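# task: produce atomic coordinates for the following.
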Amino acid sequence: MVEKNIVEITNKIIFDIGGEALNLSIDNIKEIREKLNPYFEELREIAYNKKFSKEEEIYFFKEIKPDILAKIKFFDLLSKMEIEKYYAEVLEDYYKKYLDQIQSHFKDNFEVYLYYKSDETYLDNYYFTRKELKDNVLHKERDPKFSTNVDYIIAEIKFMDMLFLYINKKIKSLKYTEKVEEVKGESSEIKWTDSKIAAVELGYALFSKGVINNGNVDIKDIMGFIENIFNLDLGDYYRTYSSIRERKKDKTAFLNSLVDNLHRKMDEDDIK
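Here you go, the predicted model:
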């Protein structure tokens, strides 16, 4: 199904540009946004020209179009936030303002939200087919050939879900950074004396194992912690990680050396 492939393609676009987490520069955000729009217009052409079965039409307007529209709305807002946040007196309060907006949106659309999240289907024909479109349905995407009664609301729900996760990660990251700064002040004499590649290998090992905050932490936060605690700059650790993955022989050379040295230390202590 072409439409479903579009969702998968856009997911890949976001991951390829964004890496492990959505800690993106304004240029990254704009790049993603620009790449999403042609796929949304492709969906419009499909809606105009394809002869859907009723089931296909419902799926298209319940899942496919809202998914792409939600991503577009999300990255539009990220562009705005990347500028606004520099004028915020307290960054955590700035982010919490959006949490209040999310809560208000869910209250206003609770009936549709509950219907969608409960995987109900009994109103699908009314909600997600164009022949049932009400004349008084008003929203920004008001194209009768490309709209149903609540497809825009579903897109808003998906968008708010994305925003909620993003904002909570940002708030956690702020609090985590504050703690790291405290630790950094107490450990300024500790220096990393191995290679930066080794430090990146260690960071990704900790991330993949999920040993920090039960795995509820971004790779950016882990690398930031390593940089701060050991007073070093890891640079583009995504690129470094890619080079580690491309090793032909020992992909985890540093970690293996840790194991070997620990075994050697234990053997030596057993002899004493």
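# only C-alpha atoms for contact and neighbour calcs from this point on.
Will do.
# count the neighbours of Lys220 for me.
Applying other C-alpha atoms under 10 Å, we find 18 residues neighbouring Lys220.
# how near is it to Leu24?
Separation of Lys220 from Leu24 (C-alpha to C-alpha, to the nearest Å): 11 Å.
# ok, now Leu78?
The gap separating Leu78 from Leu24 is 9 Å, by C-alpha to C-alpha.
# ok, the two, which is more surrounded?
Legend: neighbour count by other C-alpha under 10 Å for Leu78 and Leu24, higher for Leu78 (21 against 15).
# report pLDDT for the more buried one.
Predicted confidence (pLDDT) at Leu78: the value is 92.
# could you list every residue that touches it?
Neighbouring residues of Leu78 by C-alpha atoms under 8 Å, 6 or more residues apart in numbering: Ile29.
# continuing past the one helix or strand it maps to, what's the next helix or strand?
Following DSSP states H and E, one finds Leu78 within helix 65-84. Downstream of helix 65-84, the first helix or strand assigned by DSSP H and E is helix 91-108.
# what angle sits between that following helix and helix 65-84?
Here helix 91-108 runs at an angle of 150 degrees relative to helix 65-84 (axes from the mean of the first three to the mean of the last three C-alpha atoms, to 10 degrees).
# how about the helices in the chain?
Assigned by DSSP state H, the helices in the chain fall at 2-18, 26-49, 54-59, 65-84, 91-108, 110-117, 124-128, 151-186, 196-209, 219-230, 237-245, 253-271.
# who touches the shortest one?
The reference is to helix 124-128. For helix 124-128, the external contacting residues (C-alpha under 8 Å, 6+ apart) are 54, 57-59, 61-62, 132-133, 148-151.
# give the buried residues for the lowest-mean-pLDDT helix or strand in the chain.
Here the helix or strand of the chain ranked lowest by mean pLDDT, DSSP states H and E is helix 2-18, holding a mean of 79. Neighbour-count burial for helix 2-18, counted by 16 or more other C-alpha atoms under 10 Å, picks out 3, 6-7, 10, 13-14, 18.
# what sits up against that helix?
Helix 2-18 has contacts (C-alpha under 8 Å, 6+ apart) with 21, 24, 28, 32, 35-36, 39, 43, 60, 64, 67-68.
# and the furthest pair within these?
Leu24 and Phe60 (29.6 Å; C-alpha to C-alpha).
# and stretch 171-180, average pLDDT?
Average pLDDT, stretch 171-180: 76.
# got the buried residues for it?
171-173, 176-177, 180.
# need those residues in JSON lines (columns: distance to Lys73).
As requested, those are exported to JSON lines (distance: C-alpha to C-alpha, whole Å):
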{"residue": "Ile171", "distance to Lys73": "21"}
{"residue": "Lys172", "distance to Lys73": "23"}
{"residue": "Ser173", "distance to Lys73": "23"}
{"residue": "Tyr176", "distance to Lys73": "28"}
{"residue": "Thr177", "distance to Lys73": "28"}
{"residue": "Val180", "distance to Lys73": "33"}
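# nearest to Glu89 among these?
Once C-alpha to C-alpha is applied, the member of these that ends up nearest Glu89 is Ile171, at 14.7 Å.
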